[in-house]
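In: sequence below, structure please.
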Amino acid sequence: MKTSVVICAHTMDRWHELQEAIRSVRDQSHPPHEVLVVVDHNPTLLERARSEGLDASLVDNDETRGLGGARNAGVKR
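Out: Numbers count the residues shown, from 1 in each chain. Predicted coordinates:
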C-alpha cells in the first residue's frame, strides 16, 4: 500500500517546525511513498521551500485560503 502525507504550511514563522515535520514523517517505521507540502497563499514561503530543497514535493495552494483549501489542494495533487 502506498501512503501520501500532506503537510500544510502558511507562515515563515514555523520554518524549523516544517523541516522537523518532514524529517519526522520520513523517519517513521513505514515511511510514506510521498510527502507533499502545501503552501497556503504565501509566495515567500513557497520560494524559500523551493530554494532550500526540502525533501518533499511542493504544492502551491490554488484552492480557498485556509487549512481546508490547503488540504484539498494536497488531495487533488
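In: how about the most centrally placed residue in the chain, secondary structure?
Out: The centroid of the chain falls nearest to residue 37 when counting by CA atoms, centre = their mean (1.2 Å). Counting by DSSP: H, G, I helix; E, B strand; the rest coil, the backbone at residue 37 sits in strand.
In: hmm, it is touching residue 54, no?
Out: Yes: applying CB atoms under 8 Å, one finds residue 37 in contact with residue 54, separated by 6.3 Å. Just so you know, the C-beta spots here come from the backbone N, C-alpha and C atoms, and that holds for glycine as well.
In: quickly list what's touching both of the two.
Out: 18, 22 (CB atoms under 8 Å, 6 or more residues apart in numbering).
In: and the lowest mean pLDDT element among the helices and strands of this protein?
Out: When the helices and strands of the chain are scored by mean pLDDT, DSSP states H and E, helix 67-76 comes last with a mean of 94.
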